[in-house]
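1. coords below, sequence missing:
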């Protein structure tokens, strides 16, 4: 393993020439030769703490490796900035030589539009990971490269917390720029609802501070991937008052799929009665040690501030006759482990698999549609020859009070009226076009059944889980005023569409 400090002599001759995508207003562009991009010039301009990772090194390979190996972006040099000004310098250098660039951190965005970057500079923000709590303890300035677990732990040590993504290894700002669901959203809303100001490097390389006085503030909170590289953010934080949590994980046979989700509707969803201190997730997965014939339904009932989940929430499910139940108690720090998304779990490992998701928002479960997609999922995961035996179906039901409080027009995030986030995760080894096409067809077939069963007139998807075949209307809301507002912001702040590799507005 080796990594280079920025020293001119360390850069090989291949780095002197780059082939790139020329920016264009439509978002994606044809391949073209460019002027010489002399990376030794960039090396001389960056701070002493900045790092360059070159192909052939372990550090480079780790920096470009992604959680999902489907339609991945391609970089031929990685810059790890040591400061916000290093990001400015790198973007200006890229612009000078018309070289594409992409900011990364948690590597969990699996959207296929990322594959449109066929060469260029990866700006790996991992060193920008500071947390500075204000003197009054109400806010924190947080580096743009921090990950959710690191932020949670840093705030926890100060008896503070804030809304972050649920998976421990994802970045803090990646989900936040797309809205960002989290365990605490019943109290405080989305990750993006916590943001008070952003330090952002814009498409022209300028570093600006954006707060509520700027028209861009609205767009960064839900469609932020389209407008710049956020190098730091000032966020609301909160006193840690209820550290203890309990969960009861109740496993059902797939034969009970209709009953389980009808009950969830009746208890929490249909009338919007999910308590603020409760979160309800469920997974479907095939585990022959629990059921050899079909995928199981694992229902997670998670409650804050208790050591045992209140029986008013669990007993109705126990009365359905589950396979087993597993009550556990601990703290907020155990939630990732309980739900299989801690640093040690599979979703935080780079295995070389493809991991496409096909998300859809729902207002409530349609038990008949649930049964139809369960049967598709069963066939896809239990067949002896299937490539999808490791697939997971995720149903995320968060408490909604904090999410809905700001109102639908508060930010570019469009789906505050939805109650459920649903997504099949079709993990498979990327062995060729046939399996890729099979995953695409299965995922969209499942999503279409749920969509038709929802009775909605337009598809609503979570941009942070997006597959890539969805439209900007699905990612950012179908209302014409939303699309017009986002298009105007894009034209103003990124007219040549440099930030168009992740779910582009246009």
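-> Yep, it's here. Quantities reported herein were computed from a predicted structural model and do not represent experimental measurements.

2. assign a three-state SS to residue 114, would you?
-> Remark: residue 114 carries the secondary structure label helix [criterion: DSSP: H, G, I helix; E, B strand; the rest coil].

3. the nearest residue to it once chain neighbours are set aside: neighbour count?
-> Take residue 114 and drop its neighbours on the chain: the residue closest to it by C-beta to C-beta, 6 or more residues apart in numbering is residue 73, 4.6 Å away. (Glycine included, C-beta is placed from N, CA and C.) By other C-beta atoms under 10 Å, 21 other residues sit near residue 73.

4. residue 320 too?
-> For residue 320, the count of nearby residues is 14 (other C-beta under 10 Å).

5. give me every residue that touches residue 162.
-> Shown in contact with residue 162 (C-beta atoms under 8 Å, 6 or more residues apart in numbering): 140, 151, 155, 184, 188, 194, 235-238.

6. and those residues, which are buried?
-> Buried subset of these (neighbour count, 16 or more other C-beta atoms under 10 Å): 140, 151, 155, 184, 188, 194, 235, 237-238.

7. before we move on, the earlier item: wouldn't the residue nearest to residue 114 be in contact with residue 501 here?
-> Yes. With contact defined as C-beta atoms under 8 Å, residue 73 reaches residue 501; the gap is 6.4 Å.

8. could you pull out the strands for the stretch 351-500 of the chain?
-> 360-362, 392-397, 420-425 (DSSP state E, counting those that start in this stretch).

9. tabulate the ones you listed (a markdown table), appending mean neighbour count, mean pLDDT and distance to residue 292.
-> Shown next, in a markdown table, are those (neighbours: other C-beta atoms under 10 Å; pLDDT from 0 to 100; distance: least, C-beta to C-beta, whole Å):
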| stretch | mean neighbour count | mean pLDDT | distance to residue 292 |
| --- | --- | --- | --- |
| strand 360-362 | 23 | 98 | 30 |
| strand 392-397 | 21 | 98 | 18 |
| strand 420-425 | 24 | 98 | 22 |
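
10. for residue 300, which of these is the nearest?
-> strand 392-397 (9.3 Å; C-beta to C-beta).

11. intersection of neighbour lists for residue 73 and residue 501?
-> 102, 114, 116-117.

12. quick one on the thing from earlier: among the buried ones among the contacts of residue 162, which ones are in strands?
-> Of these, the ones assigned to strands by DSSP state E are 140, 235, 238.

13. between the residues you listed, which sits nearest residue 356?
-> Checking these one by one against residue 356 (C-beta to C-beta), the nearest turns out to be residue 235, at 30.5 Å.

14. per-residue confidence for residue 19?
-> Here the pLDDT value assigned to residue 19 is 29.

15. wait, I meant residue 7
-> Taking residue 7 on its own, its pLDDT is 34.

16. next one: residue 271
-> Reading off the model, residue 271 has pLDDT 87.

17. helix or strand: which one has it?
-> Using DSSP states H and E, residue 271 sits in no helix or strand.

18. look up how far residue 258 lies from residue 368.
-> Per C-beta to C-beta, to the nearest Å, residue 368 is found 7 Å from residue 258.

19. settle it for me: which of those two has more neighbours?
-> Ranked by neighbour count (other C-beta under 10 Å), residue 368 and residue 258 place residue 258 first, with 15 against 12.
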